[in-house]
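Novice: A predicted structure for the sequence below; I have some questions about it.
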Amino acid sequence: MTDLNLGFDPAALKQRYLSERDKRLRADANEQYVEMAGKFAHFLSDPYVERPIEREPVTDERDAVVIGGGFGGLLAGARLRKAGIDDICLIEKGGEFGGTWYWNRYPGAACDIESYVYLPLLEETGFMPERKYSGADEIRAYSQRIADHFDLTRRALLQTEVTGVAWDEAARRWIVSTNRGDAIRARFVIMANGPLHRPKLPGIPGIEEFEGHTFHTSRWDYGYTGGTSKGGLDKLGDKVVGIIGTGATAVQAVPHLGAAAKQLYVFQRTPSSIDVRNDRLTDKQWAASLQPGWHRHRMENFNTLVSGGWAEEDLVADGWTEIIRNLGVIARMKAVKEGAADPDELVQLADFKKMEAIRARVDEKIANPAVAEALKPWYNQFCKRPCFHDEYLDTFNRDSVTLVDTNGKGVERITREGVVANGQEYKLDCLIFATGFEVGTSYARRAGYDVTGRDGRTLEQKWQSGARTLHGMTVNGFPNLFIFSVIQSGFTANYPHSLDEQACHSAHIIAEAMGRQATRVEATVEGEEAWTAEVLDSLLDRRKFLEECTPGYYNGEGKISPLAASFASYGKGSPAFFRILDEWRAAGDFQGIEMD
Ligand code: NDP
């Protein structure tokens, strides 16, 4: 379909996208990464703990143990407290609350979802973020504020890593074991481990040989670089630094590295799409004018728009909602109005148009045409996580910054002194891995512990041939256990919104069970089979889109198996999923759940 008015040739673009994808497809897909274990375990050490805690093992009994002190765990605690459940213990590996925002405090770390919808519980805590997009420090401090507000610090066990969770059928209690010798008995357990919890390294030959300084972005070594998450890396002035990876993390860190290092090499396999960010201070008058209920209303408005739905107004009005306005709603509405035969074709055209604008932005910003060409992304917008930054591209105009594009192949090898790419060795003082987090590896490996259920079978064993859940949260054979994750659940770009829905839903079920004095709450086999079938069915339309995408963690690095599909999110989107949960709770019959 060539339309002279479009200014581009859709058939040629499609061909280019497919050939760029083909360059990047690899037989080892997700297996290309190495686990941070054994000789790589030191990459996981916590560089942020100021005062290591010394304490005796705990063997108390609690109504609820919540694993994770990020937004998932904090929301679970807050919603349980609101439902009248007081006896809660949060367990967190890090030294403070914050979860992903505890670990990810690399220079430039900030949220690129609007903070007025991203930060949960704003009305409850009476907090208003300083800017439209909060920085990592503010988000970490806000996490502590939630903990204080809901009195979740009491009994919390920080610097404590769960090592196993096992069901005691005779007592109908979970026993939660930790690396500090704790054996806490719990009536209910909520697993809020986080979906991007375990950093990963690329399996590049020679990776263990590098003798310079090295770390992963989620364990930033400020002792080496100087500065803070706001930048000012004043110890890098005489250092040659390399960074592998150009995803959402690198996009935020590279401008600070580029400003500080004597020389920076950015090793790129696939460029990100970099849209306008346009951060600004919170308008105090606007904040003062907000009426009760504004926060939920704004979250729902954002979620509707980013899920391709229709809303009268666009309250957030940023790059995210603009993308979707462009991609989904406008195209579909036009298709309906004009009786176009194939609305999907229009959505594709809208995507081409959006990505043409992203590529044109690269040309506007980058002085060297060859560098500009290498920074252009050739895939549909939602094949990878869209990025928003106003300084990333300009960084490549600095004389001290070199883009080492590998034409989709990635880095060849790592040596004692540096990195080899395109046949050339780049000698480095410091090598930073911005290579992301495990997705699609086994659940227990990512969580760092396994769960042993009612009949002695572990969750890992149960899910070996595919995930099976009711609403992504409860599992037959694993009573009184609630899982917060993206698996068979409603995924949204505004992930804390999804966590809050899961927190409200599980608090509702737990409160009911406590009220009935039930000692077992469990998904039935029929309940989880029906939901799993519904999830698989909902994904049929999405498969083609993902197959045509450039590899990444959204599409199993290009390998989509039926097994992987069972671990995917509900395909009809989070608004539909949240409605299903609302209706399920309103029906009041707890369908698919047994309580006794
Ligand atoms: P990603 O997984 O998105 O990126 C990893 C990067 O490493 C990719 O650029 C990848 O290239 C590259 N890479 C992997 N192996 C090699 C190799 N052998 N040679 C060269 N390059 C390689 O991780 P991020 O940490 O950037 O982001 C993870 C997620 O965290 C985001 O998707 C987002 O959800 C979240 N995030 C959110 C932020 C926010 O503002 N809310 C900010 C930052 C992150 P390739 O693309 O070719 O695979």
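Specialist: Yes, it's here. Numbers count the residues shown, from 1 in each chain.
Novice: contacts for the biggest strand by length in the chain next, please.
Specialist: Identified as the longest strand of the chain according to DSSP state E is strand 183-191. With contacts defined as CB atoms under 8 Å, 6 or more residues apart in numbering, strand 183-191 is touched by 57-68, 73, 76, 89, 91, 165, 168, 171-178, 447, 451, 480-485, 506, 510, 513, 519, 521. Just so you know, the C-beta spots here come from the backbone N, C-alpha and C atoms, and that holds for glycine as well.
Novice: ok, of these, which come out buried?
Specialist: 58, 62, 64-68, 73, 76, 89, 91, 165, 173-178, 447, 451, 480-485, 506, 510, 513, 521 (16 or more other CB atoms under 10 Å).
Novice: from those residues, which land in helices?
Specialist: Counting by DSSP state H, the buried ones among the contacts of strand 183-191 place 73, 76, 447, 506, 510, 513 in helices.
Novice: distance to the ligand and pLDDT for these - can I get that in a markdown table?
Specialist: Output for these, formatted as a markdown table (distance: CB to the nearest ligand atom, whole Å; pLDDT from 0 to 100):
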| residue | distance to the ligand | pLDDT |
| --- | --- | --- |
| 73 | 18 | 98 |
| 76 | 21 | 98 |
| 447 | 18 | 88 |
| 506 | 23 | 98 |
| 510 | 29 | 98 |
| 513 | 34 | 97 |
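Novice: and the residues you listed as CSV, adding distance to residue 135?
Specialist: Output for those, formatted as CSV (distance: CB to CB, whole Å):
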residue, distance to residue 135
73, 22
76, 25
447, 28
506, 30
510, 34
513, 40
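Novice: now, the most widely separated pair of these?
Specialist: Put simply, by CB to CB the two of those set farthest apart are 447 and 513, 23.8 Å from each other.
Novice: which parts of the chain sit against the ligand?
Specialist: 111-113, 196, 202, 204, 244-250, 252, 267, 269-270, 385, 410-411, 434-437, 552-553 (CB under 6 Å from any ligand atom).
Novice: mind checking how far the helix or strand harbouring residue 526 is from the chain centre?
Specialist: In the assignment (DSSP states H and E), residue 526 maps to helix 525-538. Here helix 525-538 is found 24 Å from its chain centre; the criterion is CA atoms, centre = their mean, to the nearest Å.
Novice: repeat for stretch 115-124
Specialist: On the basis of CA atoms, centre = their mean, stretch 115-124 sits 18 Å off its chain's mean C-alpha point.
Novice: got the contact list for the closest residue to the ligand within the stretch 51-200 of the chain?
Specialist: Nearest residue of the stretch 51-200 of the chain to the ligand: residue 112, at 3.6 Å (CB to the nearest ligand atom). Residue 112 sits next to 133, 248, 277, 387-388 when contact means CB under 8 Å, 6+ apart.
Novice: got it, and residue 111?
Specialist: Counted by CB under 8 Å, 6+ apart, residue 111 has contacts 118, 133-135, 139.
Novice: could you do residue 565 as well?
Specialist: Counting by CB under 8 Å, 6+ apart, residue 565 touches 536, 539, 543.
Novice: from those, which is closest to residue 353?
Specialist: Distance to residue 353, by CB to CB, is smallest for residue 543 among the contacts of residue 565, at 24.2 Å.
Novice: what sits up against the helix or strand hosting the closest one?
Specialist: Residue 543 belongs to helix 540-547 when assigned by DSSP H and E. Helix 540-547 is contacted from outside by 380, 383, 554-555, 560, 565, 571, using CB under 8 Å, 6+ apart.
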